[in-house]
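Undergrad: Next input, structure requested:
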Amino acid sequence: MNEAMPEQIHVLLLNDQDYDATEIIETLDLPHIELDVSVDAAFDLNTLNKKQYDIILIANEEFFAGQQDLLSSIRSYTTTPTLVLVYEYSLHQCDLCFSLGGDDYVAGPKHLKELPSRIIAALRRSQRLSVALSRSEMLLGDLYLNRGLSEVRVAERLVVFTPIQFKLLWSLATHYKQVVDKRFLYKTVLNKPWSVHDRSLDMHLSRVRKKLISAGFDGERIATVHGIGYSLSY
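TA: Next comes the predicted model:
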């Protein structure tokens, strides 16, 4: 499949007010990139309704709690590819970036030269996901889903789900091998805001898992990332 890149890539850079983003800005001073810069503390998610961005960048010395919350909020609001840029590499922070839904983790000034290429790679992955979202059928190993019929089969064995249960499983399938944020699922599946005391999504997922297991599905393929969300692998 040949994916067409947009002629102009619209990038939003969110950096800490004490972080010097000059080098990032200079690296992205390219004809095909249009860059907007904002201080992350002043960022309002409604900004994403006013302008369509292809890529979001979060930059700071390290991936601190403030940037972690920002990434989590962005991921609960949009699927726009989001990259985290830090000054020094940390394995723990790298793992945390991906578990919160980040699409890439770029560390150190020497890797900034790769940033334009990483942006294009993230866009290509996003386009493939968009294609997956538009499909009416998916086959992930022995798990078959048909969105038009709301049908699920495990190795040809039919499994009956309620509309909400099917929508939840379909959401995990279209983001396979990714951790899907609970806030995003509350919004897109349950059509209500996330609440720390609300366990309804956990109950729906538990029923989905039990039904799949009863049909011979390996329940460990649906993983719970505590405090963040869920992921489906195959």
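
Undergrad: how does the chain divide into domains?
TA: Segmentation of the chain into domains, based on automatic domain parsing, reads 9-132, 135-232.

Undergrad: My read is that Glu61 contacts Tyr87, right?
TA: Yes: contact criterion Cβ atoms under 8 Å: Glu61 and Tyr87 qualify, at 4.8 Å. Every residue, glycine included, has its C-beta placed from N, CA and C.

Undergrad: just checking, Gly151 touches Leu158?
TA: No Gly there; residue 151 is Glu. Yes: proximity of Glu151 to Leu158 meets the contact threshold set by Cβ under 8 Å, at 7.1 Å.

Undergrad: higher neighbour count, these two?
TA: Glu151 (15 against 10; other Cβ atoms under 10 Å).

Undergrad: And the helix or strand hosting Leu12, what does it pack against?
TA: Taking DSSP states H and E as the criterion, Leu12 maps to strand 9-15. The criterion is 3 or more Cβ pairs under 8 Å, 6 or more residues apart in numbering; DSSP states H and E, and the helices and strands that strand 9-15 contacts are helix 22-27, strand 33-39, strand 55-59, helix 115-134.

Undergrad: pLDDT averaged over that strand - what is it?
TA: Strand 9-15 shows a mean pLDDT of 93 in the predicted model.

Undergrad: got it, and stretch 110-125?
TA: Stretch 110-125 comes out at a mean pLDDT of 88.

Undergrad: Can you show me the CA trace of that stretch as PDB?
TA: Provided in PDB are the C-alpha atoms of stretch 110-125 (Å, rounded to 0.1, in the frame of the first residue of the first chain):
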ATOM      1  CA  LYS A 110      22.200  13.900  18.700                       C
ATOM      2  CA  HIS A 111      18.900  12.200  17.800                       C
ATOM      3  CA  LEU A 112      17.200  15.500  16.800                       C
ATOM      4  CA  LYS A 113      18.400  15.100  13.300                       C
ATOM      5  CA  GLU A 114      16.200  12.000  13.100                       C
ATOM      6  CA  LEU A 115      13.100  14.000  14.200                       C
ATOM      7  CA  PRO A 116      11.800  14.800  10.700                       C
ATOM      8  CA  SER A 117      12.100  11.100   9.700                       C
ATOM      9  CA  ARG A 118      10.500  10.000  12.900                       C
ATOM     10  CA  ILE A 119       7.600  12.400  12.300                       C
ATOM     11  CA  ILE A 120       7.000  10.900   8.800                       C
ATOM     12  CA  ALA A 121       7.200   7.300  10.200                       C
ATOM     13  CA  ALA A 122       4.600   8.200  12.900                       C
ATOM     14  CA  LEU A 123       2.300   9.600  10.200                       C
ATOM     15  CA  ARG A 124       2.600   6.500   8.100                       C
ATOM     16  CA  ARG A 125       1.700   4.300  11.100                       C
END
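
Undergrad: Only the buried residues of that stretch, if you could.
TA: Leu112, Leu115, Pro116, Arg118, Ile119, Ile120, Ala122, Leu123 (16 or more other Cβ atoms under 10 Å).

Undergrad: A helix includes the first one, no?
TA: Yes: read with DSSP: H, G, I helix; E, B strand; the rest coil, Leu112 is one of the residues of a helix.

Undergrad: Out of the helices and strands packed on strand 9-15, which is closest to Ser99?
TA: Judged by Cβ to Cβ, the one of these that comes nearest to Ser99 is strand 55-59, at 14.7 Å.
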